[in-house]
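Q: One predicted model, sequence on top.
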Amino acid sequence: MLGNKSFNFQNITVTKSSTTATEIVSLTDVKNYLKLDTDLTADDTLITQLISAARIFTEKYCNTILTEQTFIQKQK
C-alpha cells in the first residue's frame, strides 16, 4: 500500500492522489447488526471511528486496499 507516498520505477512516478471517504460498511449497517436504535445518535461518532479503524487494521493485516483510491502516473 502506498499510504501518502509515491514511488519511482523506470522514469515513472506513481503518486496516490485521493482515497474515497466512503467506508465499506455503513453506520446504518453496523447499528442494524448490533440491534441498536437508529434514532439514538450519541455514539455515532465512536461507531464511525471504529468502522474506519477496523478497515485500516484489516488493510494493513491483509496487505490490501479495501477502498477506492486514485493514482496519478507521470513520466520523467
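A: It's in.
Q: Least confident secondary structure element in this structure?
A: strand 6-9 (a mean of 62; mean pLDDT, DSSP states H and E).
Q: Next secondary structure element downstream of it?
A: strand 12-19 (DSSP states H and E).
Q: How far off centre is that following strand?
A: Relative to the mean C-alpha coordinate of its chain, strand 12-19 is positioned 16 Å out (CA atoms, centre = their mean, to the nearest Å).
Q: now swap in stretch 69-76 and tell me
A: Centroid separation between stretch 69-76 and its chain, computed with CA atoms, centre = their mean, is 19 Å.
Q: taking the mean pLDDT, what do you get for that stretch?
A: In this model, stretch 69-76 has an average pLDDT of 74.
Q: Tally up the residues packed near the closest residue to Q75 other than its chain neighbours, please.
A: Distance criterion CB to CB, 6 or more residues apart in numbering; nearest residue to Q75, sequence neighbours excluded, is I12 at 5.5 Å. C-beta: built from backbone N, CA, C; applies to glycine. If you count neighbours by other CB atoms under 10 Å, I12 ends up with 11.
Q: what about V30, which helix or strand?
A: V30 belongs to helix 27-33, assigned by DSSP H and E.
Q: and that helix, which residues are buried?
A: Across helix 27-33, burial judged by 16 or more other CB atoms under 10 Å covers 27, 30-31.
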